[in-house]
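Novice: return atomic coordinates for the entry below.
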Amino acid sequence: MRHALSFSRGAMKLLCCVGAILSIAFSSMAFAGDRSQFEVIGYSQDKSYFAFEEFGVIEASGHPYASMHLVDLTSNKPVKGWPYNVHLESETHSVSDARRQAAALAKSALNQYDISLSARAIIYRADGDDDAQSQSLQFSSMAHFTMSSTWRHHELIAKGIPMGTASGCEDFEQGPVGVQLIYSYDDSQRMVYVDDKLPRSRHCPLSYNPTAVYIPFEAENIVDGVALISVWSQGFEGPDRRFIAISITNKE
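Specialist: Prediction:
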């Protein structure tokens, strides 16, 4: 009986440990938000417009979605009528289904704006990067693509700025936050973008992180560089992530 009792206590300790682990796991899941992914489509031939796709699964419902975005790089604002959104209200549909439908919806409009110039990433910070939540993104580029090229050093800093109140955000402890994007090039620094007001599409943003920088595929410099910025906002089961695209050079 002593051995049986000893085993029972050991088993109880094991069960408690397992229960604690499961509790932590379920707790993490309960606060997991909707973390969207993106795919860059490219530039217009005159490099005035930039298109990208955003897709994922809504955590609260399990429904897939996809959005096609087109940004005017002169104003850093969405082109009128964009994005093209697809939300499939069924768990039997896949993210691929949503992406195909969104691409079909946007196809003629992408052709209208001549989105046919491929883009390539200069820097990309994936979810597994230890600095994925940093407000700063540092990278280098070559002045010209030769073996003796001079390397240029760049940095993007996305600073959150309080924006007062916004409709639908009254019940959250933290007020909505806008973004100020600062671009450093070697020894110079300038502000390339600042929110004057929050678009409704961002919901109730909490913070911003620079995630990637793209340039036209055959470009030899960063003159037409575009930054993809992660936007973390208040979600149903935790912070949700969406993306915005901002030109890092002034085109006005």
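Novice: contacts and neighbour counts: CA atoms only from here.
Specialist: Noted.
Novice: how many neighbouring residues does Asp187 have?
Specialist: 7 (other CA atoms under 10 Å).
Novice: state the phi and psi torsions of it.
Specialist: Taking degrees, to the nearest 10, you get phi -100, psi 0 for the backbone angles of Asp187.
Novice: please apply the same query to Ile157.
Specialist: Main-chain dihedrals, Ile157, degrees, to the nearest 10: phi -130, psi 120.
Novice: surely it and Pro210 touch.
Specialist: Yes. Ile157 is within contact range of Pro210, at 7.1 Å (criterion: CA atoms under 8 Å).
Novice: ok, those two, which is more surrounded?
Specialist: Pro210 (28 against 20).
Novice: secondary structure element for the residue nearest to the more buried one when sequence neighbours are not counted, which one?
Specialist: Nearest non-adjacent residue to Pro210, counting by CA to CA, 6 or more residues apart in numbering: Ile229, 4.5 Å away. Under the criterion of DSSP states H and E, Ile229 resides in strand 226-233.
Novice: again, but for Leu70
Specialist: strand 64-72.
Novice: and that strand, how far from the chain's centre?
Specialist: Strand 64-72 sits 12 Å away from the centroid of its parent chain (CA atoms, centre = their mean, to the nearest Å).
Novice: whichever helix or strand comes after it pairs with which strands, and in what direction?
Specialist: Using DSSP H and E, the helix or strand that follows strand 64-72 in sequence is strand 77-78. On the basis of DSSP bridges, the sheet neighbours of strand 77-78 come out as strand 64-72 (antiparallel).
Novice: and the closest residue to Ile58 other than its chain neighbours, how many residues sit next to it?
Specialist: Excluding the flanking residues, the one nearest Ile58 by CA to CA, 6+ apart is Asp34, at 5.6 Å. By other CA under 10 Å, the residues close to Asp34 number 22.
Novice: report the contact partners of Asp34.
Specialist: Going by CA atoms under 8 Å, 6 or more residues apart in numbering, Asp34 touches Gly56, Val57, Ile58, Glu59, Gly235, Gly238, Pro239, Asp240, Arg241.
Novice: picking that back up, pLDDT of the strand holding Leu70, averaged?
Specialist: Per-residue pLDDT over strand 64-72 has a mean of 97.
Novice: just the CA trace of it, in CSV.
Specialist: This file holds the C-alpha atoms of strand 64-72, laid out as CSV (Å, rounded to 0.1, in the frame of the first residue of the first chain):
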residue,chain,number,x,y,z
PRO,A,64,-10.0,32.7,-44.2
TYR,A,65,-9.5,36.1,-45.7
ALA,A,66,-7.4,37.9,-48.3
SER,A,67,-7.0,41.6,-49.3
MET,A,68,-5.4,43.1,-52.4
HIS,A,69,-3.8,46.5,-51.7
LEU,A,70,-2.7,49.3,-54.1
VAL,A,71,-0.9,52.3,-52.6
ASP,A,72,-0.2,55.6,-54.3
